[in-house]
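> What would the 3D arrangement of this be:
(2 chains)
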Amino acid sequence: MSVAEIIRKGLVRSLDTVGIKVVAENVSLERPKELSHGDYATGAALQYAKQIGMPPIKLAEKIVAGLGTLDGVKSVEVVKPGFINFRLTPDAINAVLQEVISNEKAWGKNKSQKGSRVMVEYTDPNPFKEFHIGHLMSNAIGESISRLVQYSGAEVKRANYQGDVGPHVAKAIWSIQKNGWDAHDAKVLGKAYAEGAKAYESDTNVKSEIDALNSKIYDRSDKEINAIYDAGREASLKHFEEIYKTLGTKFDFYFFEGETAPKGMEIVRANKDVFPESDGAIVFKGERHGLHTRVFITSRGLPTYEAKELGLLEMKAEKWPFDESVTITANEQNEYFQVVKAALGEVLPELASKVKHVSHGMMRLTSGKMSSRTGVVITGESLIEELKERATARAKVSRSDNPAQLAEQIAISAIKYQILRQASGRDIIFDRERALSLEGDSGPYLQYAHARAKQVVERAHAEGIKPKLDIKAWPNDLSAGALAQADVSRLVTRFPEVVLYAANELEPHLLVNYLIGLAGAFNSWYAQVHILDGTKEAPHKVAIVDAVRATLKNGLWLLGISAPEKM
RNA sequence: GCCCUUGUAGCUCAAUGGAUCGAGCAGCGCUCUUCUAAGGCGUUGAUGGGGGUUCGAUUCCCUCCAGGGGCACCA
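Prediction:
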């Protein structure tokens, strides 16, 4: 039984003696943000004081009196308004640190989703369009969520859904044809799309040309168009694949709109009662669900995003029956997704209950909205390249064993961190200078702390100092160094709870907050003490460093960020 | 007009209804003959306005103001 459970049980018992009945799960027990407030805290006395007509402090004291001794708890104290703070014994903390060191691979994992099959869909770039920083955002969040869910014991499959048909493709092909460009070159595609989109909006003749072209793409009736299409599609996908590799994502399944389109049409057409006709189009009346009506099949007989999405979900379930399907998209698609989900609930209800939608904010430029239609985009590659250059400029990188690799690891870390550090539903104001910064609240800061810890452990090993947790090595004084050491040790023990919390919320930033705090506490401690000082306490300190190292390593992995051993 | 969403320090972000609202950047001042200074230490600085619920509100409810997104054949 964990110490937290012991405390909960104790509180339930004690509360019972003063006439308050609660079950263990409902006892409020938190991890105080402020470490000086202890390792666990409860506001139960504040909560129930009024109910039994007793001042909170009095009640708190009464609860504490009824608590008796709790295993693993060093002290219990009542403070100010009526909080009760618990402190762990050094033994209890040492036991956790020992667990970290002896089974590093398992450190941080939980079994909350054991046996569950989860498919996570993310990144979703469209062939014939740029891979821009918005896709970077989806990728970073999706990859981290996948890993968090994996750490919770679920079997995870990564899926990528790419729009290889639809008006955007027609627009790109139209201008490739017109300009005689080579569709094998991934670089011309984004430009072609921007030009086609512009012409589509400004010229009604072009609009009908492109609309006609779009139909031909679906039915593959035109040889020349097919050739351009096939070449462009292949070039795009190959290009994307290189980016996924750089980002550290390996997809298990690829879905294409070309396949989901017919499937979606089939579902829509088979459910005429759910999808009535309106003005020549086939629609879904979302009003019954407090939403709005959306077109699923256009009057030209082509499926829209909505119909394709239905097809996609059914395809996913056929390919790999899942318990949960998580889709990560930008929040501008929130309302569309709700309509799709409502429609799904009517045609395939058992599937609808397993579908989850996580939306991320938009990557915004300080100058305004980014749009591949107008050609105002920052591509993923250009940003990665720029960051790599900046990292390479560092003397430590250029002098390392493999400068190119290290620079890339740092670049990816900087980008992913900036995306993952904030709650995922919110927009990110993309500030070039800040994104390019490798200092402070950043991915490289975490990597640096990890590398530093790794090097200390290596050096200790070379000097023959073995990590060993030692109860006698717990400093009794209240010096800054001693407090910092205790803080680091205590923070390490929280890692598994943070992972569980972040996985349940599907919120990587909760983990980021924790890791940056741990790295900061470690750096602060490191600056104050000499680890390998030749004293009896050295093995104990090395053990703490090693536990921090392992925690940062696993934590970085969960963020999809590499952990170089030397920087 | 209707629906969703967001307003926290000069800037970018934190804060499972909890304790003195935390970081980083920017500014100022310290800190490398000692295990990695991409580090550490100090310092200045904030909850859009008004109500309400609560022992306690950045968090929940109402309202106003201000941004962003969406609202039938685009994705």
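> who are the neighbours in contact with the nearest residue to A:Leu387 once chain neighbours are set aside?
Using Cβ to Cβ, 6 or more residues apart in numbering and skipping the chain neighbours, the partner closest in space to A:Leu387 is A:Ala411 (3.6 Å). Yep, even glycine has a C-beta here, placed from its N, CA and C like the rest. Counting by Cβ atoms under 8 Å, 6 or more residues apart in numbering, A:Ala411 touches A:Ile384, A:Leu387, A:Lys388, A:Arg390, A:Ala391.
> so what pLDDT did the last one get?
At A:Ala391, the pLDDT value in this model is 88.
> Does it touch A:Ser398 like I think?
No - A:Ala391 is beyond contact range of A:Ser398, at 9.4 Å (criterion: Cβ atoms under 8 Å).
> With neighbour numbers in mind, choose between those two.
Remark: of A:Ala391 and A:Ser398, A:Ala391 carries more neighbours, 24 against 12, as counted by other Cβ atoms under 10 Å.
> The more buried one - that's part of a strand, no?
No - A:Ala391: not assigned to a strand; according to DSSP: H, G, I helix; E, B strand; the rest coil it is helix.
> Contacts only, for it.
A:Val397, A:Leu406, A:Ala407, A:Ile410, A:Ala411, A:Ala414, A:Leu438, A:Pro444.
> can you tell me how far the third one sits from RNA strand B?
A:Ala407 sits 8 Å away from RNA strand B when distances are taken as Cβ to the nearest atom of the strand, to the nearest Å.
> Quickly find the element holding that residue.
helix A:403-420 (DSSP states H and E).
> And the contacts of the helix or strand that that helix is followed by?
Sequence order places strand A:428-430 as the next helix or strand after helix A:403-420, per DSSP H and E. Strand A:428-430 is contacted from outside by A:Ile133, A:Met137, A:Gly361, A:Met362, A:Met363, A:Arg364, A:Leu365, A:Thr366, A:Ile378, A:Gln418, A:Ile419, A:Gln422, using Cβ under 8 Å, 6+ apart.
> After strand A:428-430, which helix or strand is next?
Counting by DSSP H and E, the next helix or strand C-terminal to strand A:428-430 is helix A:432-436.
> Report the buried residues of that following helix.
Counting neighbours by 16 or more other Cβ atoms under 10 Å, one finds that the buried residues in helix A:432-436 are A:Ala435, A:Leu436.
> With stretch A:146-165 instead?
Buried residues in stretch A:146-165, defined by neighbour count with 16+ other Cβ under 10 Å: A:146-152, A:154-165.
> cool, and stretch A:64-81?
Residues A:Val64, A:Leu67, A:Leu70, A:Gly72, A:Val73, A:Val76, A:Val78 are the ones in stretch A:64-81 that count as buried (16+ other Cβ under 10 Å).
> Same question for stretch A:251-261.
For stretch A:251-261, by 16+ other Cβ under 10 Å, it's A:Phe251, A:Phe255, A:Phe256, A:Glu257, A:Gly258, A:Glu259, A:Thr260, A:Ala261.
> per-residue confidence averaged over the helix holding A:Ala407?
The predicted model gives helix A:403-420 an average pLDDT of 94.
> what sits up against the helix or strand hosting A:Arg233?
Element membership for A:Arg233 (DSSP H and E) is helix A:223-247. By Cβ under 8 Å, 6+ apart, the surrounding residues in contact with helix A:223-247 are A:123, A:125, A:127-128, A:131, A:136, A:139-140, A:143, A:160, A:162, A:164, A:169, A:172-173, A:176-177, A:182-186, A:189, A:213, A:216-217, A:220, A:250-251, A:380-381, A:384, A:408, A:412, A:560.
> Same question for stretch A:200-217.
Under the criterion Cβ under 8 Å, 6+ apart, residues A:165-167, A:169-171, A:173-174, A:196, A:199, A:222, A:225, A:229, A:300, A:302 lie in contact with stretch A:200-217.
> Let me have the contacts of strand A:428-430 in a markdown table, extended by secondary structure.
Supplementary listing: the contacts of strand A:428-430 in a markdown table, determined by three-state DSSP:
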| residue | secondary structure |
| --- | --- |
| A:Ile133 | helix |
| A:Met137 | helix |
| A:Gly361 | coil |
| A:Met362 | coil |
| A:Met363 | strand |
| A:Arg364 | strand |
| A:Leu365 | strand |
| A:Thr366 | coil |
| A:Ile378 | coil |
| A:Gln418 | helix |
| A:Ile419 | helix |
| A:Gln422 | coil |
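> From those, keep the buried residues only.
Counted by 16+ other Cβ under 10 Å, these give A:Ile133, A:Met137, A:Gly361, A:Met362, A:Met363, A:Arg364, A:Leu365, A:Ile378, A:Gln418, A:Ile419, A:Gln422 as buried.
> Run through the residues that contact the fifth one.
By Cβ under 8 Å, 6+ apart, the contact list for A:Met363 reads A:His132, A:Ile133, A:Gly134, A:Leu136, A:Met137, A:Met370, A:Asp427, A:Ile428, A:Phe430.
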